[in-house]
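Mind folding the following:
(chains A, B and C)
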Amino acid sequence: MKGHPTKEVTQLIHEIKIGNVEGSYNITAKTLQVFKKIINGQRWTNADELMNLVRTQGHILQSAIPQETVTANIARRILKLIREEFDLLKAKVHQFTDDQASMSLHKLVTQTSNDVSVDYTEPQQGLREALLDHLQEMETELETSSENICAQAEEHIHSSEVILTLGHSRSVENFLKRAVKKRQFLTIIIAECAPDCRGHNLAASLATGNVEIIVIPDSAIFAMMSRVNKVIIGTHSVLANGGLRAACGSYTVALAAKHYSVPVIVLSPMYKLSPLHLCSIEQDAFNLVGCAEDVIEYDSLASHSAKVYSPIFDYVPPELVTLFISNIGGHAPSYVYRLLTELYNPEDYEM
Amino acid sequence: MPSTGDQKIDDAADVRNYFLKLLEQDRDLSSGIAAIKTLLMILEKKQFDTIHILHTTMRDAVAAMRNTDLSIAAVVSGGELFCRFITLSLDDKHMEECRQIMLHRGKIFLTKLLNSRNVIAQQAKKFVNDGCRVLTHSRSRVVLKALISAAKNKEFHVYVTQGGPDNSGAQMVSDLEKAGISSTLILDSATGYVMESVDFVMVGAEAVVESGGIINRIGTFTMGLCAREMKKPFYVLAESFKFTRLYPLNQRDLPDEYKYSRKHLVDVSKVHPQVDYTPPAYITLLFTDLGILTPSAVSDELIKLYM
Amino acid sequence: MNQFEKKEVIQAVLIADNNVEQLRPFSDKNSTALLPLVNVCLLDYALDALNRSGIEEVFVYSSLYLQSVREHIKEGIASLSSWSVNMTVHVIGGEGCRCFGDAMRDLDAKALIRGNFILLGADAVTNADLRPIFEQHKKTVKYDKGAAATLIFKEAATCNVRTGNEVMIAVDRQNNRLHHHQRLRLHGKESHFEVPLEVFLHNSEVSLLHNLIDPQIAIGSPSMLSLFSDNFDFETRDDFVRGILINEEILDSRIYVSLLPRGQYARKVNNWLTYCMVSQDVMNRWAYPLVPDMGINCLAQQYVYLKNNIYKSRKSTVIKAALRENVAVQAGSHVEAGTSVSCSVIGKNCKIGKNCVLVNAFLMDGVHVADGCKLDCCVIGVGAKVGAGSALTEGTVVDAKSVIPSGKVLKNVIIKCALGEDDDLVEKLGEQAFIIDDKQDTQSTYASDSEDDVPPTTATGIPKVAKLPPICDESDYTSSSDEDESRAVTPLVDDTNIFLAEVMDSLARGFQEKSNPDFLILEINSSRYAYNMSLKEVNFYVVKAIFSLEDIKEPANQNVLVAINNILKQLGPVMSNYIKTEDAMLDCLRALEDICEENEYVRAKISKVVHYLYDKDFVSEDAIISWYAQLDVDEHRTLRQSLKELIEWLNQSSEEEDDDDDESD
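Below is the predicted model:
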C-alpha cells in the first residue's frame, strides 16, 4: 500500500539510518513516541481509518529499514490494541462478547456469517482516550522491561558459576551486574565478537573487582566451552519459530554449547518478538552485510582480488536455545508461538 | 415396512456410493472434504426428529465411509470435525431451524475448506527460492499446488520418491513436468543418498495427530530421520481439517485400520502397512490454512476446538 | 557566555560539473554530477556523505547544467531522499565559469561562506565522517592563523593502476603540514621524484607518502576563498596547492594534511576508469553504508541482496541467467536465458537478450541489448540499442540513444548518437552512431607540477573502463637493477656532497648565462679551498658535475652526444684546466665510469663519448688504454664490452702510428 510518511516517521527513519538512534530499546521507545503523536495528532474518525494509518506507516518503516523489526512490531501491537479496545467498547455497549480474533479450528467451525471481520468503520466514542491510556501502559512496560528481566537473575545464576557471553548486550550487562551483586565467586568469560569487538566495552563495564572477567577472541569459544556452566546471550530479534537473529558469532556459541550440553539462556524483552519466519538464508533483508574494511584494509594487496563478506547477524535455530527470559518470565522456545498470538493479530503478520 | 436394520444397510450403501462418486468426479478432491460433503448431503436430504438421531446417522455414515478401501485417516478426521461442528452449533431451538442454521454454516465451512490449499500454497511459496532443490515424498496434491504456484516466477528442481508399490511418485513427476517444473523420480531407498544435495524436504500429510506429528505414506518417517541427520528442514503441508484426536507414541500405536486396507485386516502379519507415523521432533514447520505452525502449536489448536 | 553563541552550522560547498573532458560523451548532454553510479546519481552520494557528517547547509555550485541540477535537487527533496532531512541545499549558478578557480572566486564574491567550510566535488564518493577532521582543522586554524586548508587523502595500494588521482606528498609528521605535492602521471611511471632539499633541511620529521589517493576533499578556512580572489592564475586545485607551497612567505598561508582512518573510504570519479573502480568498490561494500541495498536516494530498499554481492530488484526478471558476482539489476529490467552477467550494473527497464556475455559493463536506464552480444568493459548510455552479435570491448563508451547496428566489433572507442560541432568524426557506423576521436595531448589532462619531468608527448586517449591489472608484478618487489647501480656508485661524504652540489650549481649557472670560463674556474677553486678538497677529488667531481648537467641528464631528442658537444663548447676550457696530466685524465675517466652507471644515455653511447673526448684531446690514448686495463673484468663487463671496439681501434691506430713512426724513421 502506497502511503506518504509523516514528518516524524521520516525523521525517525533518517536518525536510525544515520546511527543517531541505535539499540533496540531506543528505537522502540522512539517508535512508540512517533505512533503516539500520530494517534494524537492526525485526524481520524473511526477505527478503520486509524488502523489503515498505522498500517501504512508501519509498512513504510519496515520497507525502509527491514532489519529493525521492532518498528514493525510496535505497529502490529498497536493494531491489535486498536482492535481490542474497539471490541471492548462495543461489547460494553452491545453486551456482546467475542473472544480471540485469531484464526482457529474453533473459529472456523462456529462462523455465523460470511462476513468475517468486525466492522471497524463504526465510529466509537472514547477510543482515542482508551488508546492513549494503553500506550502509556506500553511505555511503562517498555521502561520496566529491563528491570523485570534483571529481577530473574538470582534464580538463574548461582555462586561459583562460570558464565559465557558474547559481545555487548544491554540486557545481559544489567542481568550480570545484578547477579554480581547477589552472588559470589562468579567467573564471566566474554567473547569479544569481532570485528567491532564490543565485548571489550562489556568487560570494562563489569570490571568491579568482585568478579573475575576473562576476555577471549571468538576463535577460543569452543576451547573454553567445556569449562562453562551457562551461556547467557542477548539477541537482536526472536523469530516466529523460536529461532534467533542475533549478533554474528552467536551460532558458534550455541553450537559449542550444544556439543558440551551447556544450557543457552537468551535474554529478550517482549518487544523483540517478531512474527517473521526465516524462509532461507538468502532471504531478503534477513541479514545485513557490513563494511568490507572491517575485515581487511583497503590499503592491502588482497583487497582488490578477494571478496570480503562481513555479516552482522546470525540465525540460531530454536533447537539450540534452552530458555528465553523475557520481562514476563521464562519460557521454552516451543512456546514462542503462543506468545505471538497473544501479542499480535495474525492478520497483521504481513505488513 | 423394511426393518431399521435393512434401512441402515441401504443407507450405508448409498452413503458409500455417493462418497465414492464424489471422489471419482473430482480427482483433486481430498477424501476428507468429500466425507464432509457427503455428511452435508445427508444433513440436507434426510429428515431428523431428534438431535440424537442426527448424531447416530452421522456416526453411521462415517462408519460406512471408513469401510471403503481408501485410506481412512482423512475421512476420520473430517468426519469428526463435522460432528463436532454439529454439536457446537446446537441451540435450544426448533429442529427445523437448527437444520437450516447448520446447513447455512456448513456451506460456509465447506467454502473455507475448499480454499485451504490456496492459502497453504501462498505461505509455502515464500520458502521456495530460485535455484533450490526440493525433496518430496510420493504424490501430494497440496504440495503439487504449492510448487506450481511457486514456479510462476522461480526456477527450482524437485526430487520425487516413488512412494511405494503403486508408484504414485511417477504421477507426481508427470504433473510437475506438465507445469514446467524440472523433476527427477528416485527410488524410496535413495532418500539417504540424495538428502545431502537437497535444500529442504516438503511433504503432505494424510492426518496430523495431536502431538504435532503426522501420518503419511509409508517412507515419510525414514525421510524425516534422514533430514534431521543431515540438518535439512522438514516442512509439512496439511489442511486444517486433517487434525485428528490421536496420540500415537510409536509406530505400533497406530490403529490397524489406518495402516492396512480393510481386506487385509484379518491377518496383518504378511502385509505391508500403507502409512507410518512421523513424530513431531523430526518436523520443522507445518504449513496450514491457520498459519505457519510449529509442531507444539498443533495440540493447542486441537484443544481449542475440542474443549 | 556559551548560551549566546549561536549553534554553528557547518557549511559545505559541492562543485558540480567537473571533468567535462574525461567523461565524454555523457558530459556533453548533462552535468557530470548527475552521472548514475550503480543507479544512483553521483550528486546523491556526495550529499548523503555530507548529511551523514552532520552538515546542515550545502551550496551546490554548477555552471554548465544549472537547470538539471536544480531539478534533480527538487526531485530529491520531494521523494524524501535521505539527504534531504536536516540539510538545506542551495544551488548556485555561475555562468561563464570555466574552471575550479573561477568557481572559488565567484563564491568569494557572493560572500555566502561564513567560516570554515567543507569543499568537495560532486563526483566524490565517500563514507567518511568529516566531523573530527573539521574539528581538527578548527584547532589548527586557532593555532596557526595562516592555515588555508586541510587536504584529505586516503592510503590505498595503488600499485600498477594510474587514474590521475594519485599523489606524492611530503608532509611534516609533527604538525601535519604539507611541504611538497606532486600529482602522479597518468601514463607511465616516473623514473624518479625530485623533492626540494629545504623540505628535509627545515623540518625534523618528514614523511614521503606516495601511496595516496586524492579524493579532492578539503576543509577550507575563510582565507582560502580570498586567496583565490587575490591570485587570478589559480585555476585548478593543484595550482592552488602549488602556489601556496612555492609562495609560502608571500602569501603567508599553509596547507595541512589529514589522512582518512581505516573504515573510511573516499575516491573521486574523474574518468571512466575510476567510474568502473568506484562502482566495483560500492558493490563490494567498501563504502558501507553507501551501498546499493540501503536505499541511498529514497526511503524504501531498492534491491534484494544475495550472496556474491548480487543486488537484484524485486521488480526485475532474471530468467535462467547466471548472475555471477558483483551485479546490480534495477527494477523493470529483463534478462533472457543463457546470458551471463558479472561485475556489471544494469539500470531500469533494460532488456538483455539471449546468450549475451556482460563483464564490467555499465548499462544505464532503458538500454536494449540484442541476442548474442559481448559487452566487456564498456559503458552504455540511456536508451541506447546494441544490435545482435556485436562485441563492445576495451573501454567503449556509447552515448545515449545511439543505435549500434548488428555484428559490429568495437574496441576502445567513443560513440555518439549525433555529431556535435567540435567532434572529430572517425567513422560513421549508422544513422545514430558515430565514432569520434578522443585522443588528446597528455599534457593537458593533468597539471604537471615539476618542470623537469617532461614526459614524452605521445597522444593517448582518456582513461577508460578496463580490468584492473593483477597487483604484483614481480619486478616491483625483487631488487631491480637500479639498486645494483646505486650500490656501485662511490658513496659521497658530506663535504664532498656539498662541494659537488656547489660545483654543479656554478656550472649550470655558468652554462645558462654563458659566463666566462675563467670566472667559473675561480668559483670552483674557491669552493675547493672552502671544503678542503684534494686535487684528485676536484678533477673527479668537476667532470662529474659537467656530465650531471641537465642537458646531458635528459638530452633533447635523446641525442647525448650533441648535448655533450654543446656543453663542452662552452665549458671545455674549464675541463681542460683541470684535466691536464695523465692522472687527471684517469680521474676524468673514472668519473665517466660513475656517470655511466647513472645516466643511461651516456651508458648507451659510452664508446662514442670516450672517442669524442679523445678527439677533442681531453684524454690521451694512453690514459684510455690504462683505464681500460684496470677496469674489472666482472664488475664492468658491459662497459668493457662497449669499449672493446674502441680500444681495438686505438691499439690498431697506435700500431699504425708506430709503424708510421718506424717507417718515418
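
Tell me which stretches of the stretch 1-150 of chain C form strands.
Secondary structure of the stretch 1-150 of chain C (DSSP state E, counting those that start in this stretch): strands at C:11-15, C:36-37, C:40-41, C:57-62, C:88-93, C:117-121, C:124-126, C:147-155.

An error on my part: the question was meant for chain A.
A:162-166, A:187-191, A:212-216, A:230-234, A:237-238, A:244-247, A:264-267, A:313-316, A:323-326, A:329-331 (DSSP state E).

Any chance of those in TSV with mean pLDDT and mean neighbour count as columns?
Glycine gets a C-beta too; all of them are placed from N, C-alpha and C. Below are the strands of chain A laid out as TSV (pLDDT from 0 to 100; neighbours: other CB atoms under 10 Å in any protein chain shown):
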stretch	mean pLDDT	mean neighbour count
strand A:162-166	96	24
strand A:187-191	95	23
strand A:212-216	95	15
strand A:230-234	95	25
strand A:237-238	94	25
strand A:244-247	93	26
strand A:264-267	96	26
strand A:313-316	92	21
strand A:323-326	94	22
strand A:329-331	92	14
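
According to the record, where do the domains of the chain fall?
Unless you meant another one, I'm taking chain A. Per automatic domain parsing, the structural domains of chain A span A:7-102+A:121-147, A:152-348.

sorry, should have said chain C
C:8-272, C:302-439, C:481-664.

Now the residue nearest the centre of chain A. Nearest residue, chain neighbours left out?
Nearest to the mean C-alpha position of chain A, by CA atoms, centre = their mean, lies A:Lys272 at 1.4 Å. Nearest non-adjacent residue to A:Lys272, counting by CB to CB, 6 or more residues apart in numbering or on different chains: A:Ser237, 4.9 Å away.

Enumerate every residue touching the one you found.
The contact partners of A:Ser237, taken as CB atoms under 8 Å, 6 or more residues apart in numbering or on different chains, are A:Ser24, A:Thr69, A:Val70, A:Leu244, A:Arg245, A:Ser268, A:Lys272, A:Leu273, A:Ser274, A:Leu276.

please redo it, this time with the cut-off set to 10 Å
A:24, A:67-70, A:73, A:243-246, A:268, A:271-274, A:276, A:313 (CB atoms under 10 Å, 6 or more residues apart in numbering or on different chains).

Just give the number of residues close to C:Ser534.
Look at C:Ser534: counted by other CB atoms under 10 Å in any protein chain shown, it has 9 neighbours.

Over to the one 4 residues further on?
When neighbours are defined as other CB under 10 Å, C:Val538 has 20 of them.

Report the helix or strand with the lowest average pLDDT across the chain.
Chain wasn't specified; assuming chain A. Least confident helix or strand, chain A: helix A:105-109 with a mean of 63, by mean pLDDT, DSSP states H and E.

Skipping adjacent residues, who's closest to the residue of chain A found nearest chain C in space?
Per CB to the nearest CB, the residue of chain A with the smallest distance to chain C is A:Cys291, at 3.5 Å. Leaving out its chain neighbours, the residue that sits closest to A:Cys291 by CB to CB, 6+ apart is C:Tyr288, at 3.5 Å.

that's a strand at the one you found, yeah?
No - going by DSSP: H, G, I helix; E, B strand; the rest coil, the assignment for C:Tyr288 is coil, not a strand.

hang on, isn't it packed against A:Ser310?
Yes - contact criterion CB atoms under 10 Å: C:Tyr288 and A:Ser310 qualify, at 8.5 Å.

and whichever residue of the stretch 551-665 of chain C sits closest to chain B, what is it in contact with?
Of all residues in the stretch 551-665 of chain C, C:Glu600 sits closest to chain B, at 58.9 Å by CB to the nearest CB. Residues near C:Glu600 by CB under 10 Å, 6+ apart: C:Ser191, C:Glu485, C:Lys553, C:Gln558, C:Val560.

Lowest-confidence entry in those residues?
Across these, the bottom pLDDT score, 42, is held by C:Glu485.

Using a markdown table, lay out the strands of the stretch 1-150 of chain C together with mean neighbour count, distance to B:Leu286 and mean pLDDT.
Output for those, formatted as a markdown table (neighbours: other CB atoms under 10 Å in any protein chain shown; distance: least, CB to CB, whole Å; pLDDT from 0 to 100):
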| stretch | mean neighbour count | distance to B:Leu286 | mean pLDDT |
| --- | --- | --- | --- |
| strand C:11-15 | 24 | 56 | 88 |
| strand C:36-37 | 20 | 46 | 88 |
| strand C:40-41 | 21 | 43 | 88 |
| strand C:57-62 | 23 | 55 | 89 |
| strand C:88-93 | 17 | 54 | 87 |
| strand C:117-121 | 25 | 56 | 89 |
| strand C:124-126 | 26 | 48 | 89 |
| strand C:147-155 | 24 | 54 | 89 |
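
mind checking which of those is nearest chain B?
strand C:40-41 (25.3 Å).

circling back: save the domains of chain A as CSV, and put in distance to C:Phe153 too.
Output for these, formatted as CSV (distance: least, CB to CB, whole Å):
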stretch, distance to C:Phe153
domain A:7-102+A:121-147, 25
domain A:152-348, 12
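
right, and the ones you listed - which one's nearest B:Gly212?
With CB to CB as the criterion, B:Gly212 lies closest to domain A:152-348 of the domains of chain A, at 9.3 Å.

Endpoints of that closest one, how far apart?
One end of domain A:152-348 to the other measures 32 Å (CA to CA, to the nearest Å).

Nearest to chain A among the contacts of C:Glu600?
Closest approach between the contacts of C:Glu600 and chain A, by CB to the nearest CB: C:Ser191, at 23.7 Å.

Could you look up the SS state of that closest one?
Each residue gets one of three states, and C:Ser191 gets coil by three-state DSSP.

Let me know how buried it is, in neighbour terms.
So C:Ser191, with other CB under 10 Å, has 9 neighbours.

Next, count neighbours for B:His94.
Using other CB under 10 Å, B:His94 is surrounded by 9 other residues.

Check the gap between B:Leu70 and B:Pro255 for me.
B:Leu70 sits 16 Å away from B:Pro255, going by CB to CB, to the nearest Å.

Of the two, give the one with the bigger neighbour count.
The neighbour comparison of B:Leu70 against B:Pro255 (other CB under 10 Å) goes to B:Leu70, with 18 against 12.

Which residues are in contact with that one?
Contacts for B:Leu70 were tallied using CB under 10 Å, 6+ apart; they are B:Phe19, B:Leu20, B:Leu23, B:Ser31, B:Ala34, B:Ala35, B:Ser261, B:Arg262.

again, only this time at 7 Å
Shown in contact with B:Leu70 (CB atoms under 7 Å, 6 or more residues apart in numbering or on different chains): B:Ser31.

what about it, helix or strand, and which?
Assessed by DSSP states H and E, B:Leu70 sits outside every helix and strand.

Quick check: A:Gly199 vs A:Val215, distance?
6 Å.

And C:Arg242, by the same measure?
51 Å.

Tell me which residues are up against stretch C:59-71.
Outside stretch C:59-71, the residues that reach it (CB under 7 Å, 6+ apart) are C:11, C:13-17, C:30-31, C:33-34, C:73, C:89-95, C:97, C:103, C:107, C:112, C:122.

what do you get for stretch C:642-657?
For stretch C:642-657, the external contacting residues (CB under 7 Å, 6+ apart) are C:Ile606, C:Ser607, C:Val610, C:His611, C:Glu621, C:Ile624, C:Ile625, C:Tyr628.

at 10 Å instead, please
So stretch C:642-657 is in contact with C:596, C:603-611, C:614, C:621-622, C:624-625, C:627-629, C:631, C:636, C:640, C:660-664, going by CB under 10 Å, 6+ apart.

Let's see the ChimeraX selection covering just the buried ones among those.
For anyone working in ChimeraX, the buried entries among the contacts of stretch C:642-657, judged by 16 or more other CB atoms under 10 Å in any protein chain shown, can be selected with:
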select /C:596,603,605,606,607,609,610,611,614,624,627,628,636
